[in-house]
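J.: Sharing a model prediction with you, sequence too.
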Amino acid sequence: MSEAGLFVVGKNTPLPLKDVSVKAHINGFLVGLDSTLKYSNAGADPIEVVFRFPLEESFAVVGLEAVIDGRKVKAVIREKEEARQMYDNAIASGHSAALAEEKKGDIFSISLGNLPPQKDAELHLKLAGQLPLDAEGGVRFSLPAVLKPRYTPVGSTDPLAKIEAASHHGSAPAVFNFHLEVASRGVSDVTSPTHQLSKETRGGVIKASINEGQPLDKDLVVVVQYKSPYEPKAIVENGEKGADRESMMSGPVVMLNFFPQFKSSKAACEFIFLVDRSGSMGGEFIKSARETLILFLKSIPPGCFFNIIGFGSNYESLFPSSVPYNQENLDRAIQHAECVEADLGGTELLPPLQFIFRQRLLEGLPRQVFVLTDGSVSNTEACIQEVKRNVESARCFTFGIGSGVSTYLVNGLAQAGNGTAEFIQSGERLQPKVIRSLKQALQPSVTNLRVEFQLPAGFEVTQAPSKAPVLFSGDKAVVYGILKGPSELMSPVDCTAFLKGQILNQPLEYSIPFEVPGNSPSFPIPIIHHLAAKALIKDWERDGGNKTSEIVKLSIESSVVSSHTAFVAIDESNQPVKGAMKTWDITASTLATSCPPPPPPGGFCMAPPPPGGFGMASVAFCMAPPPPPPSGARCAPSQSIPKMSLPPMAMASSSAQSPVFNKTKSAARVFAVSASSGPTGDTLSSLISLQQADGSWKLDDVIAKVLSKSLKELSDACPVTCDGGVATLWATTLCVVYLELKHPSQKDEWELIAMKAELWLDGQSLPVGADLNAMKAAARKIIA
């Protein structure tokens, strides 16, 4: 048993990492973080504490300072092996030291060595970050607090493997303090879907903090709503005075925030929905996945092909290959979606990705892959490279669910696949994020995309990233320009940045003007310089060429840690510490739920702690039996595909080549009645589940119940005789009006549903005396 937690079981040894505090300052899309880790050695021997925690790729570690027994020691950046050697030598000489480094992807590690007995220490970590815009138009700040165990497929290594030399293992302390300041200009609200916040506004600053007593047992999310979030903007940060003239820190850097809006025809596609069905997806996650699958399936426009694949330790494909989007295949898919369970064990993502990319492409239908997962895998790079190898034939959109999901995996797959990544915490709705990605997938690709700068004579620019980001209408695209020019400017000079490309052989062009020198943002650190350096470093790291020396040089001059460098701080002012050093291996808090012994094979679960303390027992694999499917639902079987045994490629046929289900009564209709039968029923989900593949609704008792009317009331309200095809026209009109009047705040979820219905209505031949506008007016009257 690995002993861990706030106290070591049986020894009552206090955890040396006592407290973690974070202060954040947000201004627009920028955030600066000051993190303080407080240590105390209450034992009789010197100790080393190794703390590992998640760090999003959009953040850069830009500073480290150690306070050991009251003495301040500022860290410096060195090449990683040199920094490790300096740290090891200091420890061997009896000096206190600290080391901060990237371990792998989104895992960061801080080591504090030779903390003397009965002494305290603090480590101050500075970070800079760039914030994304979520599906609802809010600027989203996420603080990962949970580092999940990485599922380790055969042949790969676990980046979170325990340190063999450690005498103790533990999880991060429950004591966590978080304080946030937001520049209030243009802000309409600051909220959190995950935690309760205390807020006050004073002097142009909104101050927020986590209410006392709230454990940080899940990732923290704060959403800042701006009044004009989609406004294109250039922010110029001037160079540091006294910086080396050849250093990037000496000149100005511009951060360009593009928000392109362009009209594009909705192209027919092949959609493949890849759903994580590992044990950890149980409960609310898999329930949300079911609802999202139904919404996704109903939102697909006519003319497309689709398939659903569930993955865990093995994977199952609903159809042998993608099938046409018609009523028969849709009914089968809905039945399957309503019965999806978290019953496939581990998280083997690579084999289903390989299976998808081995499928033959359908002529004229671009392939769009949607990956939904709550997990982390240790073979992340292999998964990312598989998507990257196939980027010319498929785009990849990803969704990370819950606390502890690997941002490196979710972002990496989306970046490699020219798609977008979304993250969803407990308490947030997954559906609007999936629909936003579906809208983006339906947009044709923007080609020949590039950024051009119009600068005065004597100026040069280095773009970061060097390749313009993937472009979608209404989405944010960020590019940095590292400028070099005359050392002294008598007055500001005008510059312009252009984002150019082509869509469907038509030119696109957007411009943002800016001045140099500019008005630097109000941060105590050169935050835009740090983020530009991080973007350039990541560029070089992904390039795969031999750029190590350039990465090390830029990392040192910009004070941004990379995969080839590390921060190191050594306190040589004290007397050498005597005694045998004990090592603690601590990771960020892990989610814990109890499961009865003996555990059967399945997903991750933590055994309950022993009595009398907060000890954490060894990680077990357990999984509760799946809940029963919705009452009355008939589950459509999927094609189970064992690992390493892939079926031959097959062209999609006009119907599914798998067992035929009972078509006497649609499971979607049974589910709709059940969901809407009570006052708390989700009428939106029910209504969506009843839409036909062509976009229409049928007029019957089921739809009447969802609309809270009797079938007679609905029929009598029709402005023309309600029989035959007119009944379907009337039902479809009623449902479109119902969505508009009763669910306006959820338009981002039903917009594609209504668009498909309107297209169907426009394509119908109306009987004599019927008028679509008159039918809509009558529908508004009865629905209002």
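T.: Sure thing, it's come through. Since we're looking at a predicted model, the values are computed, not measured.
J.: so which strand or helix has the nearest residue in space to residue 527 that is not next to it in sequence?
T.: Distances taken as Cβ to Cβ, 6 or more residues apart in numbering place residue 128 nearest to residue 527, at 4.6 Å, with adjacent residues excluded. Using the backbone N, CA and C atoms, a C-beta is placed for each residue, glycine as well. Following DSSP states H and E, one finds residue 128 within strand 120-130.
J.: Is residue 408 located within a helix, as I assumed?
T.: Yes. Under DSSP: H, G, I helix; E, B strand; the rest coil, residue 408 falls within a helix.
J.: Name the helix or strand for the residue lying closest to residue 412 once chain neighbours are set aside, please.
T.: Nearest in space to residue 412, with sequence neighbours left out and distances taken as Cβ to Cβ, 6+ apart, is residue 384 at 4.3 Å. Using DSSP H and E, residue 384 sits in helix 380-389.
J.: quick one: that helix to chain centroid distance?
T.: In terms of Cα atoms, centre = their mean, to the nearest Å, the centre of helix 380-389 is found 17 Å from the chain centre.
J.: cool, and stretch 490-505?
T.: Averaging C-alpha coordinates over stretch 490-505 and over its chain gives two centres that are 30 Å apart (Cα atoms, centre = their mean).
J.: Stretch 339-350 now?
T.: From the chain centre to the centre of stretch 339-350 is a distance of 19 Å (Cα atoms, centre = their mean).
J.: Looking at that stretch now, give me its mean pLDDT.
T.: In this model, stretch 339-350 has an average pLDDT of 91.
J.: Pull up the gap between the closest residue to residue 222 other than its chain neighbours and residue 225, please.
T.: Counting by Cβ to Cβ, 6+ apart, residue 141 is the residue found nearest to residue 222 once chain neighbours are left out, at 4.5 Å. Distance of residue 141 to residue 225, given as Cβ to Cβ, to the nearest Å: 12 Å.
J.: Between the two, which is the more surrounded one?
T.: residue 141 (21 against 16; other Cβ atoms under 10 Å).
J.: secondary structure element for the more buried one?
T.: Taking DSSP H and E as the definition, one finds residue 141 inside strand 138-143.
J.: which helices and strands does that strand pack with?
T.: Applying 3 or more Cβ pairs under 8 Å, 6 or more residues apart in numbering; DSSP states H and E, we find strand 138-143 packed against strand 17-27, strand 220-226.
J.: how about these, which one is nearest residue 107?
T.: Proximity to residue 107 (Cβ to Cβ) singles out strand 17-27 among the helices and strands packed on strand 138-143, at 16.4 Å.
J.: What residues sit buried inside the closest one?
T.: Of all the residues in strand 17-27, those buried under the rule 16 or more other Cβ atoms under 10 Å are 17, 18, 20, 21, 22, 24, 25, 26, 27.
J.: show me the contacts for the fifth one.
T.: Spelled out, that is residue 22. By Cβ atoms under 8 Å, 6 or more residues apart in numbering, the contact list for residue 22 reads 33, 34, 35, 36, 143, 176, 177, 178, 179.
J.: Would you confirm that the fifth one contacts residue 219?
T.: Yes. At 6.6 Å, residue 143 and residue 219 qualify as touching, with contact defined as Cβ atoms under 8 Å.
J.: Just the element for the residue most central in space within the chain, please.
T.: In the chain, the residue lying closest to the centroid (Cα atoms, centre = their mean) is residue 423, at 2.9 Å. Residue 423 belongs to strand 421-424 when elements are defined using DSSP H and E.
J.: Quick one: residues in contact with that strand.
T.: Here strand 421-424 makes contact (Cβ under 8 Å, 6+ apart) with 134-135, 140, 142, 288, 397-402, 405, 407, 410-411, 413-415, 430, 433-434, 436-437.
J.: Of those, which belong to helices?
T.: If you go by DSSP state H, these have 288, 407, 410, 411, 413, 414, 415, 433, 434, 436, 437 in helices.
J.: thinking again about what came up before, state the number of residues packed around the residue nearest to residue 412.
T.: Neighbour tally, residue 384, other Cβ under 10 Å: 23.
J.: now do the one 3 residues further on
T.: The local packing of residue 387 (other Cβ under 10 Å) involves 25 other residues.
J.: tell me the contacts of residue 238?
T.: Each residue near residue 238 by Cβ under 8 Å, 6+ apart is listed here: 252, 517, 518, 520.
J.: what about 6 Å?
T.: Contacts of residue 238 were listed using Cβ atoms under 6 Å, 6 or more residues apart in numbering, and they are 252, 517, 520.
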